[in-house]
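Undergrad: attaching a predicted model along with its sequence, questions to come.
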Amino acid sequence: MTVAVQQQVFEIIAKQAKVEVDAVKPESTLKDLGVASLEAIELIFDIEEHFDIHFPDQQGANFDSDTAQSLVDAVQKALDEKAAG
């Protein structure tokens, strides 16, 4: 996984949560960061648009338990699948 992907995802999360990017840790959940469920849906759209990827519907974020790192992992997986064609 590239650091750049993690950094970009963390920046998008920080913007949505209205926190400094330094406040976003791999183990932070969206709930910890104060991201409400509607904001989290917007966050997913922002991430998809930013990376030009599409998350499968069943991969919707679980706001209570999903961590920032799990979002990064999902982005990386989608990017890898896109690259594989």
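TA: Here it is on my side, so go on. Numbering: from 1, shown residues only.

Undergrad: neighbours of I47, how many?
TA: For I47, the count of nearby residues is 22 (other Cβ atoms under 10 Å). Bear in mind the C-beta positions are built from the backbone N, C-alpha and C, glycine included.

Undergrad: give me the element the closest residue to it other than its chain neighbours is part of.
TA: Nearest residue to I47, sequence neighbours excluded (Cβ to Cβ, 6 or more residues apart in numbering): I12, at 5.6 Å. Under the criterion of DSSP states H and E, I12 resides in helix 3-17.

Undergrad: next SSE downstream of that helix?
TA: helix 37-51.

Undergrad: for that next one, the distance to its chain's centre please.
TA: How far helix 37-51 lies from its chain's middle: 7 Å, per Cα atoms, centre = their mean, to the nearest Å.

Undergrad: ok, back up a step: from G85, how far off is the residue nearest to I47?
TA: 25 Å (Cβ to Cβ, to the nearest Å).

Undergrad: the more surrounded of those two?
TA: With neighbours defined as other Cβ under 10 Å, I12 and G85 compare such that I12 has more, 21 against 4.
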